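Asks: Sequence and predicted structure below; questions after.
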Amino acid sequence: MHRIVRKALILPLVASLALAGVPVLAAPAKPAKPAQKPKSVAERLAPDARKHFESALILYEDSNWEGAYTEFKTAYEMSKEARVLRNVAVCEKNLKRYADAIGTLQRALVEGADFEPQLVQQVKDEIDILMPLTSVVTIEVDEAGAEVAVDGRTLGTSPLSGTFRVNVGERVFSAKKAGFLDATQKVSIAGSTTVPVKLHLEPSVKTGAAKVVVSGLPANTPAKVSIDGVEVGSAPYEAASLAAGKHTFEISAPGYVTKKVTKEIEYKGTTTLDVALEKEKHEGYLTIETGVADAQIKLDNKIVGTGTFGGTVSSGGHRLSILADGYKPYDSDVTVLDNQTRTVSVKLEKNSRTWLWLTGAGVLVAGAGVGGYFLFRPKDEQPVAGTINPGVVTVPFSR
């Protein structure tokens with residue numbers, strides 16, 4: 001390379017002398033200044049970078065392409081001398097990383113502002129030689145923020161824009177992201193083509209979204225939302241990431257009946273629950289059966305039926321009273337719970353009558369009133385004729 005550079009500098013000088021038409025013998029010519037020898041790549045480097053460059057040359061001569069690549073690259077990073085990039089590219093080519101070598105040579109052309117024309121052309125020729133050994137791909141990943149790699153070497157983070165040059169052959173493309181299973185795809189790449197690659201990331205836990213909207217409440221009445229027994233917030237509520245499958249939603253508000261709804265959450269879908277809450281009713285249903293058709297039924301001192309009763313009553317304790325001719329009065333307390341259906345069967349007890357038989361001069365006395373009359377009748381009253389022998393009995397009455 002250095003011989004080519006020297007010729008490039010000398011030939012224009014000779015041509016300029018010829019075109020001037022100056023007779024060689026017309027006058028003693030001044031001694032021509034010797035052409036300045038162009039600096040070698042190593043001479044362009046500072047001492048520290050030069051050490052790495054010279055080490056790379058030794059490794060290269062020993063066919064240690066990986067070691068030479070590392071040392072050449074270190075020399076470039078320390079010096080930013082674009083000429084060193086050609087040496088880096090040669091090592092990449094020997095490592096069969098043709099796409100990388102093309103990228104390195106293209107970078108050398110951009111950074112080599114002081115490259116001689118012959119050197120520029122030589123770099124372009126080297127790129128043309130490597131092109132058929134590579135191809136271009138576009139990479140699409142369906143999740144943003146995934147690390148994308150080809151053959152284990154990171155290309156960037158999705159979404160990726162533009163194209164990427166890769167070696168021909170079977171290439172392995174991959175994408176990784178936290179919370180997702182790794183996506184891997186093997187693609188056979190032919191030379192000088194453009195190949196689209198699509199990677200699909202499957203979540204490690206499939207999730208969906210849910211929205212909870214509550215109606216039937218005043219604006220200033222909050223409604224609490226619980227999912228699977230865990231309180232998560234107030235309605236309106238949106239769960240952005242719920243495991244796909246069935247979940248139980250519970251919505252509650254002060255003074256309103258709590259509602260539970262079980263819903264299937266679809267993967268990547270959004271399920272909306274519009275829940276209407278109803279006010280709490282502190283009442284139950286009470287049925288009273290007496291077995292006596294004309295029995296008067298009172299509830300809390302109000303007549304509510306005859307014989308039987310069935311109706312909605314407020315929750316809590318109630319006083320039940322039942323009256324029927326020939327039966328003892330019935331009084332009891334009855335408690336009805338919220339939303340309870342309760343049946344009370346009452347067996348009324350008949351009134352008992354005491355019959356007093358007096359034998360000999362006796363008389364039949366029926367009932368307490370009648371017996372009292374005869375037993376305690378005044379003395380001056382006339383005897384009463386009886387219907388049972390001996391006929392007449394006088395019973396003194398105490399006044």
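Replies: Cool, the structure landed.
Asks: what about the strands in the stretch 1-150 of the chain?
Replies: Ranges of strands within the stretch 1-150 of the chain are 134-141, 147-150, based on DSSP state E, counting those that start in this stretch.
Asks: pLDDT weak spots in the protein?
Replies: 1-35, 353-399 (pLDDT under 70).
Asks: How is it divided into domains?
Replies: Here the domain parsing of the chain from automatic domain parsing is 2-12+38-115, 134-203, 221-276, 283-345, 355-393.
Asks: Distance to Val212 added to the ones you listed, as CSV?
Replies: All C-beta atoms are positioned from the backbone trio N, CA, C, and that covers glycine. Shown next, in CSV, are the domains of the chain (distance: least, C-beta to C-beta, whole Å):
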stretch, distance to Val212
domain 2-12+38-115, 52
domain 134-203, 23
domain 221-276, 4
domain 283-345, 25
domain 355-393, 73
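Asks: Determine which stretch of the ones you listed is the most buried.
Replies: domain 2-12+38-115 (a mean of 17; mean count of other C-beta atoms under 10 Å).
Asks: picking that back up, distance to Glu349 added to the strands of the stretch 1-150 of the chain, as TSV?
Replies: Formatted as TSV, those follow (distance: least, C-beta to C-beta, whole Å):
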stretch	distance to Glu349
strand 134-141	87
strand 147-150	89
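Asks: so which of these gets nearest Glu61?
Replies: With C-beta to C-beta, the closest approach to Glu61 among the strands of the stretch 1-150 of the chain belongs to strand 134-141: 27.3 Å.
Asks: Parallel or antiparallel, which strands does that closest one pair with?
Replies: Neighbouring strands of strand 134-141 in its sheet, by DSSP bridges, are strand 164-167 (antiparallel), strand 194-199 (parallel).
Asks: Let me know which of these is the nearest to Phe180.
Replies: Proximity to Phe180 (C-beta to C-beta) singles out strand 194-199 among the strands paired with strand 134-141, at 10.6 Å.
Asks: List every C-alpha atom in that closest one, with coordinates, as CSV.
Replies: What follows is strand 194-199 as a C-alpha-only set of coordinates in CSV (Å, rounded to 0.1, in the frame of the first residue of the first chain):
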residue,chain,number,x,y,z
THR,A,194,-33.7,-8.3,1.0
VAL,A,195,-35.3,-10.6,3.5
PRO,A,196,-38.1,-9.6,6.0
VAL,A,197,-37.9,-11.1,9.5
LYS,A,198,-40.8,-11.0,11.9
LEU,A,199,-40.4,-12.0,15.6
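Asks: ok, residues contacting the helix or strand following it?
Replies: The C-terminal neighbour of strand 194-199 among helices and strands, as given by DSSP states H and E, is strand 202-203. Under the contact criterion C-beta atoms under 8 Å, 6 or more residues apart in numbering, strand 202-203 has outside partners Gly179, Phe180, Leu181, Ala183.
Asks: I figured the first one hits Thr207, correct?
Replies: No - with contact defined as C-beta atoms under 8 Å, Gly179 does not count as touching Thr207 (9.1 Å).
Asks: Figure out which of the strands of the stretch 1-150 of the chain is closest to Ile288.
Replies: With C-beta to C-beta, the closest approach to Ile288 among those belongs to strand 134-141: 73.2 Å.
Asks: can you give me the strands for the stretch 251-399 of the chain?
Replies: Going by DSSP E, counting those that start in this stretch, the stretch 251-399 of the chain shows strands at 259-265, 270-276, 283-289, 296-299, 302-306, 308-314, 316-323, 330-336, 341-345, 355-356, 365-366, 384-385, 392-393.
Asks: Which one of those lies nearest to Asp100?
Replies: With C-beta to C-beta as the yardstick, what comes closest out of these is strand 270-276 (44.6 Å).
Asks: any residues touching that closest one, and which ones?
Replies: In contact with strand 270-276 (C-beta under 8 Å, 6+ apart) are residues 208-216, 235, 249, 251, 259, 261, 263-265.
Asks: Which of those residues fall in helices?
Replies: If you go by DSSP state H, the contacts of strand 270-276 have nothing in helices.
Asks: Now do the same contact list for the residue nearest the centre of the chain.
Replies: When C-alpha atoms, centre = their mean is applied to the chain, the residue found nearest the centroid is Ser241 (0.9 Å). Under the criterion of C-beta under 8 Å, 6+ apart, the neighbours of Ser241 are Thr207, Ala209.
Asks: hang on, it is in a helix, isn't it?
Replies: No - according to DSSP: H, G, I helix; E, B strand; the rest coil, Ser241 belongs to no helix; its state is strand.
Asks: which SSE is Gly233 in?
Replies: strand 230-234.
Asks: packing partners for that strand?
Replies: If you count contacts as 3 or more C-beta pairs under 8 Å, 6 or more residues apart in numbering; DSSP states H and E, strand 230-234 packs onto strand 224-227.
Asks: Pull up the pairing partners for the strand it packs on, direction included.
Replies: If you go by DSSP bridges, strand 224-227 pairs up with strand 230-234 (antiparallel), strand 245-252 (antiparallel).
Asks: Just put these in a markdown table and tack on distance to Gly191.
Replies: Converted to a markdown table, the strands paired with strand 224-227 look like this (distance: least, C-beta to C-beta, whole Å):
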| stretch | distance to Gly191 |
| --- | --- |
| strand 230-234 | 56 |
| strand 245-252 | 48 |
